[in-house]
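Peer 1: prediction below, plus the sequence it came from.
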Amino acid sequence: MLPRVDRREIAAIFAGGALGTLARAALAEAFPHPATAWPWPTFGVNIAAAFMLGYFITRLTERLPLSSYRRPLLGTGLCGGLSTFSTMQVEILKMIDAGAWGLAAGYTAASVAAGYAAIHLATAMVRRVRVRR
Amino acid sequence: MSIVLWTAVVLIGGAGSVLRFLVDGAVGGAASRDFPLGTMAVNLSGAVVLGLLAGLVLGHNAALLAGTAAVGSYTTFSTWMLETQRLTEERQHRKAVVNVVASLVAGVAAAALGQQIGQLIGLHL
């Protein structure tokens, strides 16, 4: 039950995802950390991507005229590729395996709280600007 | 730090993002109007695979390509948070909490399961 595939939409997701992944991988390589240290690279890209996605999606759906390729390029591609859920889960698992329960709980709570706040803030920022007619 | 390695990171990252879009569409479909199941399916399946890769203890380049680039781009934190925030905006607070808690609990469990499988495979290689 695959959706009808729009080649240009797929190309936009590919391009955005490639760029987001490159940025995330470069940060992860530049700032390696032991399993029991705060994972700043993952935390940083996730919160940044959440803020960007909140901004892009709110602007694209509520402020800008309908465009077919901005959302796949910037939202699904760039922000999706920049952020990661799986790496965060494996980092939490390794903290738990190392007995660092406090760090695991703190990292989990901070990621969710900051990610949610980033979306909320970006959304409110876009909505504060009145629609131009 | 070769050009070839980073070109592969870029291409795999693009492909992982496209795969996420296709799986999200196939799983979510009509049901995603009520609950963001597509994103959850993507994130949990990605957590199993990344856990498996962690259990295999790959070399640096293999971990970068298969883990950071492929599975990392396939899963998403930003969409998970956006969908949660939009649920609370629609006053669907219970669903928002379920989306966060279920993803986290099942996500760590999925990663642990994957890691066990990876370690078992590693023993037999």
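Peer 2: Received the coordinates, thanks.

Peer 1: could you use CA atoms for every contact and neighbour count after this?
Peer 2: OK.

Peer 1: in the single longest helix found in chain A, what's buried?
Peer 2: Identified as the longest helix of chain A according to DSSP state H is helix A:101-128. With burial defined by 16 or more other C-alpha atoms under 10 Å in any protein chain shown, the residues of helix A:101-128 counted as buried are A:103-104, A:107-108, A:111-112, A:114-120, A:122-123, A:126.

Peer 1: hmm, it touching chain B?
Peer 2: Yes - for helix A:101-128, a contact with chain B is found by C-alpha under 8 Å from any C-alpha of the partner chain, at A:112, A:115-116, A:119-120.

Peer 1: now those residues in TSV, with pLDDT?
Peer 2: Listed next are the residues of helix A:101-128 next to chain B as TSV, based on pLDDT from 0 to 100:
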residue	pLDDT
A:112	98
A:115	98
A:116	98
A:119	98
A:120	98
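
Peer 1: with respect to residue B:15, which of those residues is nearest?
Peer 2: Nearest to residue B:15, judged by C-alpha to C-alpha, of those is residue A:115 at 24.9 Å.

Peer 1: go ahead and confirm that closest one touches residue A:51.
Peer 2: Yes - assessed by C-alpha atoms under 8 Å, residue A:115 is found in contact with residue A:51 at 7.4 Å.

Peer 1: for the residue nearest to residue A:13 when sequence neighbours are not counted, what are its contacts?
Peer 2: Excluding its sequence neighbours, the residue lying closest to residue A:13 (C-alpha to C-alpha, 6 or more residues apart in numbering or on different chains) is residue A:77, at 4.2 Å. Shown in contact with residue A:77 (C-alpha atoms under 8 Å, 6 or more residues apart in numbering or on different chains): A:12-18, A:20, B:14, B:17-18.

Peer 1: what separates residue A:77 from residue B:24, distance-wise?
Peer 2: Distance, residue A:77 to residue B:24, using C-alpha to C-alpha, to the nearest Å: 13 Å.

Peer 1: common neighbours of residue A:115 and residue A:51, please.
Peer 2: residue B:78.

Peer 1: low-confidence ranges in chain A?
Peer 2: By pLDDT under 70, the weakly predicted segments of chain A are A:1-4, A:131-133.

Peer 1: redo that, cut-off 90
Peer 2: Residues of chain A meeting the criterion pLDDT under 90: A:1-6, A:63-68, A:129-133.
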